[in-house]
Every structure is written in C-alpha cells, then in structure tokens.
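**Student:** The following comprises the amino acid sequence and a computationally predicted model.
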Amino acid sequence: MATQTVRSSAQAAIEKALAGESLTADDGCRLMASRNPADLTALMAAACELNDRARPHRRVTYSRKVFLPLTNLCRDRCGYCTFVKGPRQRGAHTMTPDEVLSVARRGAELGCKEALLSLGDHPEERHPEMRETLRELGFESTPEYVAAMSRLVLEETGLLPHTNCGTLDYDEMAAIAPWNASMGIMLESASLRLHEPGGPHHGTVTKRPEQRVATLETAAGLGVAMTTGILIGIGETANERVDALLAIRDVQERSGNVQEVIVQNFRAKAATRMRGAPEPSALDMLRTLAVARLLLGPEMNIQAPPNLQADGYETYLLCGINDWGGVSPLTKDFINPEAAWPDTDRLRDLTREAGYELRERTALYPSHVLDGGWARSHEVASRLAELTDDEGYVKPELERWN
C-alpha cells in the first residue's frame, strides 16, 4: 500500500506539472522518492514534453570555450575539491596577464567564443602570499584582477568572458560585470547540515546558501545574467536537492536574472576528504534532471555536463535538458581534470540521434541575447552582435566543429 501511495502521488505531481501548475516541495520530494519504474518513465517523458513546449524547434546548445583558471588559491577548503591548492603546494599557480592572453588567443584561433574565468574565492583573505602576488601584478584584490583580465581578454581576443569567482559584493561585481557576457556562482546545496563537522562544506567561508543567494541577488541589481546550479552526491538527501532547486526558483521569481541552472554530478577524487564517497548513479542523475525540469518549469535553461558521465550522457536529453554547457577544444576541465571533454562532432551526432539539433551559443543564452538588455557595456553588446544570428545563436558560418 505504501508503494502504491508513493506511486500515485508521483503521478499526481507529474500531471500537475503538465497542467502548468507550479510544483511544491512536497511534490518534488514525492517525485524523488518514487522507485517505481513506471513513475520514472512518466517523469522523464513529462520533462521532455515541458522542454519541447518551450523549444519547439528542438535545439540543444553548447558553448565553445577556453578555460582560464586565473588562480587555484582559495579561502575555502571543500571536501571534494582538487582544484584548490595551498600557496606552497605543488601546482599552486596564479596566471599572469601574458599567460591569460596566450591561452585566450589560442582559443580564439580554434573558434572559441567564450572565456571561462574560474578561480578560488578571495584567496588573499586566507593567504598572505596571494596578497603579495596581487601587489606584484599591480592590484589590491582578486576581484580587481578578475575585472582587468576580463577586459583584457575581451578587448584583445574578442572572446566573451564568463566569470565564476565565488561570492562578490556590489562594488566588486560592478567592476567585473561590464566586461562579461554573463557570470556564475553555483548554489551547490541549500543544506546547512553539510557545514557540520565531517561535512563537505565544514570550515568553508563562502558556501553557506544565504551567501550564494546574496551574490545572485547582487547580480540582479546590476542586471547581470547568472548561471547557477546544484552539485549532487556530496552527502545531501533527495529532499535537500529539492530544497536547493526551489531556492534557485525563488531567486528567479524574485529577480529574473538566472539564465541557466546546472545539475552537476559529484566525482570522487583522490587526495580529498571525499575520495571514498559514492558517486551518484546514472538513474539518480536522470531522476534529478527530470525533477529539476518539472520544478523549474519549461522556460529555464537546464544544463548537464557531458564530460562527467563516461558513457550514456546522451540519455540526459531524455530528461528535459537543453544545454551541454561549455566544451573546450584546447583546455581541460580544471575542476574535474580526469574528465575529458567530448569531441563536438560526437556530441552533435549523439544529440541528433536523440532527435535534437545541436547549436553553438555564446556565454549569454540566445533568449537573453534577443532580449537586448543584458549586455552591461557597449563592448559586450557589439561583440554579441558580431557573433550571433537573428535567433541569438552563434552565426552558422562562425560555428566550429572538431
């Protein structure tokens, strides 16, 4: 009888979503709880239907990018991260302007349109060595350096920056935003429980959900389109995943500046506190993606990284996603260095086999390009106009495949 009740309530939530009603936390939790195969099949079908309602041309996007890890120093120490180094650890590095330009120029030659600037959060707050590095470079803070490098990349290479540098206050973001097509900060989780001793966020300064949400809302005040998302498999419960997705939905309903939500699966890495933690299963990922579509609605852009699932990532297209995220022909995924990007020809073929057309986008989503109000400077607006067609995608003659 209990199984029948869960199944019936899951089906009711699916019907509610298909009717255009907003799902509650209870609805989301029921969908996550059901283990009936028929419910999962219906859930995935509903997620696809909602996605197709908003995108009748059945297009899936990706961004051809170059990854610029500006610095791998950080004031946080998350239990699953190998990107971050201490200043005296092997591999610790802050890129110089010459290094930034060298990689960005090579990326532009290979047809990239986006420069992802990803780095640790305010490392100078923890490491005196970073303060000294910044002084040598002529800057007082990491956000100030990020703003300068964003401008340098845009003006010298034409790549459109997308910066993910953690939490920012209004003045910090105001300096960075004019040189970025969009920016990002992952919510990761809304669970305070993960900050308790032994949890993946214990001892971190900036991973508390209220701080991440505050950065999203700061961006809204500046008119910055933001990417955010959740990281699944780091110890959160299924209900806590729903809480995180609804926290993002709440931000979008209040502020309207979330252009994209990523559902990213945890990958265990050696030399981390979570090296022995189990990774999410393929079914877990499919279920979470489909629930995300139903909770966030048809219009939201939902991304799943194709490089974090060795085989079968094309099944994500059966769960209502409409974006593969950034894929680089040049640089590795420095956050998940063990996970190679897929070949874009292969990505296009797999997308086509699922019944969708793969199109290249910039760091600003086509819908936001067409809106016309999201570029924070003339320089960004002009570059977007050069790169995009009348539907907001990269012009077909500028698309590159490998």
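**Tutor:** Structure's in. What do you need? All values reported here derive from a predicted model rather than from experimental measurement.
**Student:** per-residue pLDDT, residue 159?
**Tutor:** What the model reports for residue 159 is a pLDDT of 99.
**Student:** Setting the sequence-adjacent residues aside, check what's closest to it.
**Tutor:** residue 115 (4.0 Å; C-beta to C-beta, 6 or more residues apart in numbering). Just so you know, the C-beta spots here come from the backbone N, C-alpha and C atoms, and that holds for glycine as well.
**Student:** likewise residue 336?
**Tutor:** residue 267 (5.6 Å).
**Student:** correct me, but that neighbour touches residue 335?
**Tutor:** No. Using C-beta atoms under 8 Å, residue 267 makes no contact with residue 335, being 9.3 Å away.
**Student:** which residues are common contacts for those two?
**Tutor:** With C-beta atoms under 8 Å, 6 or more residues apart in numbering applied, the contact sets of residue 267 and residue 335 do not overlap.
**Student:** just to revisit the earlier point, separation between the residue nearest to residue 159 and residue 67?
**Tutor:** The gap separating residue 115 from residue 67 is 8 Å, by C-beta to C-beta, to the nearest Å.
**Student:** Need the pLDDT of the spatially most central residue of the chain.
**Tutor:** With distances taken as C-alpha atoms, centre = their mean, residue 262 lies nearest the centre of the chain, 4.4 Å away. pLDDT, residue 262: 99.
**Student:** I figured it was touching residue 325, is that so?
**Tutor:** Yes. Contact criterion C-beta under 8 Å: residue 262 and residue 325 qualify, at 6.8 Å.
**Student:** Common neighbours of the two, please.
**Tutor:** 303-305.
**Student:** Contacts only, for residue 262.
**Tutor:** 186, 227-230, 302-305, 325.
**Student:** Pull out the buried residues from the residues you listed.
**Tutor:** Neighbour counting with 16 or more other C-beta atoms under 10 Å marks 186, 227-230, 302-305, 325 as buried within the contacts of residue 262.
**Student:** circling back: from the shared contacts of residue 262 and residue 325, which is closest to residue 18?
**Tutor:** Using C-beta to C-beta, residue 304 is the member of the shared contacts of residue 262 and residue 325 that lies nearest residue 18, at 21.7 Å.
**Student:** Roughly how far does the closest one sit from residue 312?
**Tutor:** 12 Å.
**Student:** my hunch is that residue 64 is in a strand, does that hold up?
**Tutor:** Yes. Checked against DSSP: H, G, I helix; E, B strand; the rest coil, residue 64 lies within a strand.
**Student:** For it, grab the count of nearby residues.
**Tutor:** By the measure other C-beta atoms under 10 Å, the count of residues near residue 64 is 25.
**Student:** Residue 382 now?
**Tutor:** For residue 382, using other C-beta under 10 Å, the count is 12.
**Student:** Also residue 118?
**Tutor:** Counted with other C-beta under 10 Å, residue 118 comes out at 21.
**Student:** quick one, phi/psi of the closest residue to it other than its chain neighbours?
**Tutor:** Sequence neighbours aside, residue 164 is the residue nearest to residue 118 in space, at 4.8 Å (criterion: C-beta to C-beta, 6+ apart). With angles defined as degrees, to the nearest 10, residue 164 sits at phi -130, psi 100.
**Student:** okay, now residue 164: neighbour count?
**Tutor:** Counted with other C-beta under 10 Å, the neighbours of residue 164 add up to 19.
**Student:** so where do the helices sit in this protein?
**Tutor:** Along the chain, counting by DSSP state H, helices occupy 2-18, 25-33, 37-54, 97-109, 128-137, 142-157, 170-176, 209-222, 238-255, 282-296, 344-353, 366-371, 378-387.
**Student:** With distance to residue 201 as extra columns, can I get those helices in CSV?
**Tutor:** As requested, the helices of the chain are exported to CSV (distance: least, C-beta to C-beta, whole Å):
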stretch, distance to residue 201
helix 2-18, 30
helix 25-33, 21
helix 37-54, 29
helix 97-109, 30
helix 128-137, 22
helix 142-157, 21
helix 170-176, 22
helix 209-222, 10
helix 238-255, 12
helix 282-296, 19
helix 344-353, 32
helix 366-371, 30
helix 378-387, 33
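**Student:** Of those, which is nearest residue 192?
**Tutor:** That would be helix 209-222 among those, by C-beta to C-beta, at 7.3 Å.
**Student:** what distance separates that closest one from the centre of its chain?
**Tutor:** 15 Å (C-alpha atoms, centre = their mean, to the nearest Å).
**Student:** Please identify the buried residues of it?
**Tutor:** Buried, per 16+ other C-beta under 10 Å, within helix 209-222: 209, 212-216, 218-220, 222.
**Student:** Who are the packing partners of that helix?
**Tutor:** helix 170-176, strand 226-232, helix 238-255 (3 or more C-beta pairs under 8 Å, 6 or more residues apart in numbering; DSSP states H and E).
**Student:** and of these, who's closest to residue 80?
**Tutor:** strand 226-232 (8.1 Å).
**Student:** Taking their axis directions, that closest one and helix 209-222 sit at what angle?
**Tutor:** Interaxial angle of strand 226-232 relative to helix 209-222 (axes from the mean of the first three to the mean of the last three C-alpha atoms, to 10 degrees): 160 degrees.
**Student:** centre of the chain versus strand 226-232, how much separation?
**Tutor:** Worked out by C-alpha atoms, centre = their mean, strand 226-232 lies 5 Å from the chain centre.
**Student:** Give me the residues contacting it.
**Tutor:** Defining contact as C-beta under 8 Å, 6+ apart, one finds that strand 226-232 is touched by 162, 164, 182-189, 212, 216, 219-220, 241, 244-245, 248, 251, 257-266, 280, 284-285, 288, 292, 303.
**Student:** Now do the contacts for residue 126.
**Tutor:** Contacts of residue 126 by C-beta under 8 Å, 6+ apart are 73-75.
**Student:** how long is stretch 277-285 end to end?
**Tutor:** Distance between the boundary residues of stretch 277-285 (C-alpha to C-alpha, to the nearest Å) amounts to 16 Å.
**Student:** Look at the nearest residue to residue 282 once chain neighbours are set aside and say how many residues are nearby.
**Tutor:** Excluding the flanking residues, the one nearest residue 282 by C-beta to C-beta, 6+ apart is residue 312, at 6.0 Å. Residue 312: 11 surrounding residues under other C-beta under 10 Å.
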